[in-house]
Structure formats: C-alpha cells, structure tokens
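> turn this into a model:
(chains A and B)
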Amino acid sequence: MNRLNKRAVRDTLGSYVFLVPWLIGFFLLTLYPMCYSLYLSFTRFNIRTPPQWIGMANYLVMFKGSAALPRDERFLNSIWVTFRFVFISVPVKLVFALTVAMLMNKKLRLIGLYRALYYIPTLLGGSVAIAVLWRRLFASDGLLNMILSSLFGFTNLPAWISNPSYALYTLIILAVWQFGSPMIIFLAGLQQIPREYYEASSVDGAGPIRQFFAITLPSLSPIIFFNFVMQMISAFQSFTQAFIVSGGSGGPLDSTMFYSLYLYIKGFGFSEMGYAAAMAWVLLIVIAILTAISFKSSGTLVSYGSGE
Amino acid sequence: MKRKRTGLVKRLLLNLFIIALGVGMLYPILWLIGASFKPSNQIFTEVSIWPSNPTLDNFKEGWLGIGIVGFDTFFKNSFFICIISAFANAIFCSLTAYAFARLKFVGKNVWFALMMVTLMLPSHVTTIPRYIMFRRMGWINTFLPIIVPKFFATDAFFIFLLVQFIRSLPRDMDESATIDGCSKAGIYTRIIMPLTVPALITTLLFTFLWTWDDFFNQLLYLTSPTKYTVPMGLRLFLDSSGMSMWGPMFAMSTLSLIPAFILFFSLQKYFVRGIATTGIKG
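Prediction:
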C-alpha cells in the first residue's frame, strides 16, 4: 500500500466519524423498521403474541376481500376521504397562496408586517389548540353560527362539525387557512422574475391579466410544481386536526376518517399491527406513484425558462 | 400631479384591502385570545373579540388542570422535550451535513442519495416497528422515544438545509486551515460551526416548534398524565371536561400558543430560510 492510499483510507475513516450518528439512525431507526414493517404487513400481529404469517391476506382485505374475509369498507372510505381532502385542499391552498403572494409582492411601507401577520395561521395552525378552537368555531352553537344568526339573521343552521356532509370541509378550510409556507415560496419566486418582462409587455399593450398568464404563471411553474408535490405529500399524512376535531373517532359516520387516523385506530386501537403496517406500505406506494406522476407530467407542464 | 394622487388612493385602498383580509383571517385566533379573558357564560354569546368584563379566572382555573396534574407539569414536560430535541437535532444534523458537504470519503454519493430518499418517506412506515422496539426496551411512557431519534440525525430536512448552507460557504478558509495542519474536527468546530450559526438557529427554531406541536408521537408514547405535554394536556382537558370548562380550555390554548409567537417575532428572518429550503409542513 503506497502512501497515497493510506491517506485515502485515513481520510475516509476520519470522515465516517462524523457520519456515524446518522448511519446508526439510518440503519436502526429507518431501514430496519422499514424492512420489519414490510414483514409485519404479511402477518397478523397484536403485539402480545408473536406475529403469524398470513401472506397477502391484509392486502386482500383492503382491496378485494373474500368469502371468509370481507373487504374492509372503512379502509376504502378512508382512502376516498383522504383523496378528497388532498385534492381539494392542496389546489385551493396554492391558488390562495399565489394570490396573497402577489399582494405581498407590492411595494408598501408596512409590507414586512403584513407578511408576518399572514404567516400566523400557518405558524399556529398545526397545534392542538387551534384544532380545539376549530371544533368550537363550527359547532352548532359555535362562533360561525353565532355570527350568521346574529349578524345576518339565518336560522336553522347546521352543526358543521357533527354533520357528515360538512365535517370534512371544515378540515379543508383549516388546511387552506395555513397557506403561509407556499405563500413565502411563491413570494421568493415572484421576486426572481425580471421586472423588464413586465415593462416590455406593458409597452406592447398587455394588461395585468394577460401579463399574469403570459409571464407570471409560466415563470412560476417550477415553483408551483414544487409546492404542489410537497403539500400533497404532507396532506396525505395529516393526522392531528382530524383526530382532535372528530374526538379521535374520524366521525361523524367516518366522514373525517383520514388515512393516518384509520391506521392509528387499527394499529393502536384494535391492536392490528400487521394490518396497520400493510396500510403504511400502501401509503408509501401511493405517495411514490403520485410523486412519480407529478414529475412525469412536469416535463410538459413546467417551463424551466431556458431558451425559447 | 393628478397621477400621483391616483397612485396614493390606489395604495390606500390596497392597504385597506390587505388589512381587512388579514383581520378576517386572524379573527378566529383573536377571538380565542379574547374568549380566554371572558367569563364562561359570555364566551358563546359574544361575537366581539374584546371582552366586556375581562377576568383572569379562566387562567387560574385552567392552570390547575385536571385533578392532581396541572398545566405547570405539562409546560415543563413540553419545554424539556422541545429544548433537548432542538439542540440534539441541530448538533447531529450539522455533523452529518459537514461530512456530506465538505469531506471526501468512499460511498458518499450512495449515502447522500439514501439520505435524500428518507426526505420523502412518510413516517408511517417506521411508526409501528419503532413502537414495538421502544416498547421492548421499556421506553413507553418516557420521553426517550421522542428525544432519542434526534441524537441520530433522523430529520433529513435539516441535514439537507445545513448541507446547502455549508456548500454556499467559501472553501478557502478550511483549505488554508488544512494546510496549517488543522484536523477535521478542528475545522468543524472552529470554522464551519461558527459560520453556520444562522442555519443552526433555523434548525433549532423549527425543531422546537414541530416538536411542540407533534401530537402524534406524544399520543403514542406518553400514557400517564404526569408525563403529558401541553398538546396532550389540552386533549385530556377537552375529553374530561364538560361545556362549563370552555373558558379554562381557551385560556390554556392561548398560553400554549405563546412560545410560537415569541419565537416567530424575535427570529423572523430565520423562518424564511427554513421554509424556502424545506418547503414542507406548516
């Protein structure tokens, strides 16, 4: 071994000292648990007795069912609820975030203060305290109905939270209300667009709407895409708000039964750990597929602005 | 002259519009804060934010919590978990980030790619096995399942954030330090660590706030009220108290939001970096 090689070995060893905590974490707290949960997903396991191999049964119960094991309709319902939540709340949130970001991009003396204030719902929105507040906001004798009846004279108002047709929408409103992170990312994007584009186009007689569709939207498309993917991934995993607002039940009538809430109820309420592990893997695959589709379609939808 | 005046009117209208929209958006939070100062019988009859007969009774009553455990315990537990998590996360993520951003070693690209993959991984796939592991180790109803992962840099967001930050630093300082015979540890503690302080503050800040609000793990692992954190305490309060307790409930909710408020308004510029790099979560 020559001197150079010795040095390379010493360099590598010295570098790995810095990487050791992460490596331990990666193997013990990420990779091993992932393999273990994949194994558990093929078993029946209640944590007290050893896992029992049952092959694909957990997955079959989710999607197909059989004569002996009927299909889990609550599981399919939780997918439907979650998809509705994700694909309504994320686009609405992004439209709102972009609109507000354009307002926040104006040159005003107090703009710094405004930006901070508009971020507050996001800062606080994930907390149990706000979820508790939400429950009171949309209750039958809650704040919203109080305003609607005392200020506008409406009567016979529904109890939004305990009505299966409206409960999910209260959670969607809560999610949209937390538009601060995409807003700040959009704002950073808007500040990157050269002013000359707008100046040149207004000389050519383009109005603000034309400018929005011809300049702003195409220039922001990579950022819109990034925000969409990130918000989608996190929306699929929403838990706290549905748990608190529905009192841990996903009700009324499973109308707020988010996927992670059902996973929690199955795994830790009914001690069906094998089934919950299978659900976790289905979620992983769904998110991976949707992310892949987004990246594929971004090729045609997103302009990265190099060349014509 | 005329043009200037229309500009002024336009700007005034714009300001008014932004303020009106902002007040509408913040109204629920302001109402919550106001309600925590109202006597219980007025909370659900008053739409206005401002309490007509302000009182501190809700705070006094709420602070006592339920039975033997009060909110002093919940706040102590929350602060303990969050402070340890924040510092452990910042230190160990920055060690990892230093290795990825500056050091040369065999297998670096593979490890880096794997780290980036864990960034997108939904936490659910590790939830159940981790629970089983921690249960076997007798860690249920302790803070360990929440704190210990932070000592192993499991939050890839912050590694990524710090890697980006360290890469943007000029290399000549650590190059000349190497020539002067400074070791890797020396370069890290004397050059990289001091220069990454802004990114470290971002990491501390976000880890603190996310851990403060991380209801899921606290729900899984903390089982007795003496170990409960603030979110768990609020939930316990919600379940165990009837309608008459909304005043104290709102008072404690208001208190639980204060740390986030203070951190946000004192360290605002560090927020923007965190959001722009990670993009995800509230």
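> quick check: domain ranges of the chain?
In the absence of a named chain, chain A is used. A:3-63, A:73-301 (automatic domain parsing).
> actually, chain B is the one I wanted.
By the assignment in automatic domain parsing, chain B contains the domains B:2-56, B:63-278.
> so which of these gets nearest A:Y119?
Of all the domains of chain B, it is domain B:63-278 that lies closest to A:Y119, at 7.4 Å by Cβ to Cβ. Where C-beta positions appear, they are placed from N, C-alpha and C, glycine not excepted.
> what's stretch B:71-84 in contact with?
With contact meaning Cβ atoms under 8 Å, 6 or more residues apart in numbering or on different chains, stretch B:71-84 is reached by B:62-65, B:143, B:146-147, B:150, B:207-208, B:211-212, B:225-233, B:252, B:255.
> for stretch B:168-177, same thing?
By Cβ under 8 Å, 6+ apart, stretch B:168-177 touches B:102, B:186-187, B:190-192, B:195-196.
> what is the burial count for A:I184?
A:I184 has 23 neighbours, counted by other Cβ atoms under 10 Å in any protein chain shown.
> for stretch A:59-67, the distance to its chain's centre please.
27 Å (Cα atoms, centre = their mean, to the nearest Å).
> is A:Y262 in contact with A:Y275, as I believe?
No. Using Cβ atoms under 8 Å, A:Y262 is not in contact with A:Y275; the gap is 10.0 Å.
> ranking the domains of chain A by burial, who's on top?
Ranked by mean neighbour count, the domains of chain A are led by domain A:73-301 with a mean of 18 (mean count of other Cβ atoms under 10 Å in any protein chain shown).
> contacting residues for residue 158?
In the absence of a named chain, chain A is used. A:140, A:166.
> chain B, not that one
B:F158 neighbours (Cβ under 8 Å, 6+ apart): B:89-90, B:93, B:97, B:203, B:206-207.
> what is the burial count for the residue of the stretch 101-250 of chain B found nearest chain A?
Using Cβ to the nearest Cβ, B:F152 is the residue of the stretch 101-250 of chain B that sits closest to chain A, at 2.7 Å. For B:F152, the tally of surrounding residues (other Cβ under 10 Å) stands at 23.
> what about it, distance to A:P21?
5 Å (Cβ to Cβ, to the nearest Å).
> host element of B:I49?
Secondary structure from DSSP states H and E places B:I49 outside every helix and strand.
> oops, could you answer that again for A:V100 instead?
helix A:73-104.
> tell me the contacts of the closest residue to chain B within chain A?
Closest residue of chain A to chain B, Cβ to the nearest Cβ: A:G25 (2.7 Å). Applying Cβ under 8 Å, 6+ apart to A:G25 gives the contacts B:149, B:151-154.
> got the residues you listed as JSON lines, with secondary structure columns?
Compiled in JSON lines, these are given as follows (DSSP: H, G, I helix; E, B strand; the rest coil):
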{"residue": "B:P149", "secondary structure": "helix"}
{"residue": "B:F151", "secondary structure": "helix"}
{"residue": "B:F152", "secondary structure": "helix"}
{"residue": "B:A153", "secondary structure": "coil"}
{"residue": "B:T154", "secondary structure": "coil"}
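> most neighbours out of those residues, which is it?
Result: B:A153 is most packed of the contacts of A:G25 (other Cβ under 10 Å), 29 neighbours.
> quick one: residues contacting that one.
By Cβ under 8 Å, 6+ apart, the contact set of B:A153 is A:21-22, A:25, B:89, B:92-93, B:95-96, B:159.
> tell me which of those residues is nearest to A:T99?
Nearest to A:T99 among the contacts of B:A153, counting by Cβ to Cβ, is B:I159 at 33.6 Å.
> so the closest one touches B:A97, yeah?
Yes. Using Cβ under 8 Å, B:I159 is in contact with B:A97, at 5.1 Å.
> show me what from the stretch 201-308 of chain A comes close to chain B.
A:226-227, A:230-231, A:233-234, A:236-237, A:239-240, A:243-244, A:247, A:260, A:263-264, A:267-268, A:273, A:276-277, A:279-281, A:283-284, A:287-288, A:291 (Cβ under 8 Å from any Cβ of the partner chain).
> so who does the most centrally placed residue in chain B touch?
For chain B, the residue nearest the mean C-alpha position is B:L209 (1.1 Å; Cα atoms, centre = their mean). The contact partners of B:L209, taken as Cβ under 8 Å, 6+ apart, are A:123, B:260, B:263.
> show the pLDDT at it.
The score at B:L209 is 93. That number is its pLDDT.
> likewise for B:K10?
You'll see B:K10 listed with a pLDDT of 87.
> which SSE is it in?
B:K10 belongs to helix B:2-35, assigned by DSSP H and E.
> any idea which helix or strand comes after that helix?
For helix B:2-35, the succeeding helix or strand toward the C-terminus, using DSSP H and E, is helix B:40-43.
> give me the distance from that next one to the chain's centre.
Distance, centroid of helix B:40-43 to centroid of chain: 32 Å (Cα atoms, centre = their mean).
> other residues contacting that helix?
B:35, B:51-53, B:58, B:244, B:246-247, B:250.
> these two touch, right, A:Y264 and A:F239?
Yes. A:Y264 is within contact range of A:F239, at 7.1 Å (criterion: Cβ under 8 Å).
> which neighbours do these two share?
Contact criterion Cβ under 8 Å, 6+ apart; residues shared by A:Y264 and A:F239: B:F216.
> still on that earlier bit, is the helix holding A:V100 anywhere near chain B?
Yes. Using Cβ under 8 Å from any Cβ, helix A:73-104 reaches chain B at A:100, A:103.
> where does chain B have low pLDDT?
B:1-4, B:241-244, B:273, B:276-282 (pLDDT under 70).
> if you set the cut-off to 80 instead, what comes out?
Scanning chain B for pLDDT under 80 picks out B:1-6, B:40-41, B:43-47, B:66-67, B:239-244, B:269, B:271-282.
> re the thing from before, after the helix holding A:V100, heading C-terminal, what element do we hit next?
For helix A:73-104, the following helix or strand on the C-terminal side (DSSP H and E) is helix A:111-125.
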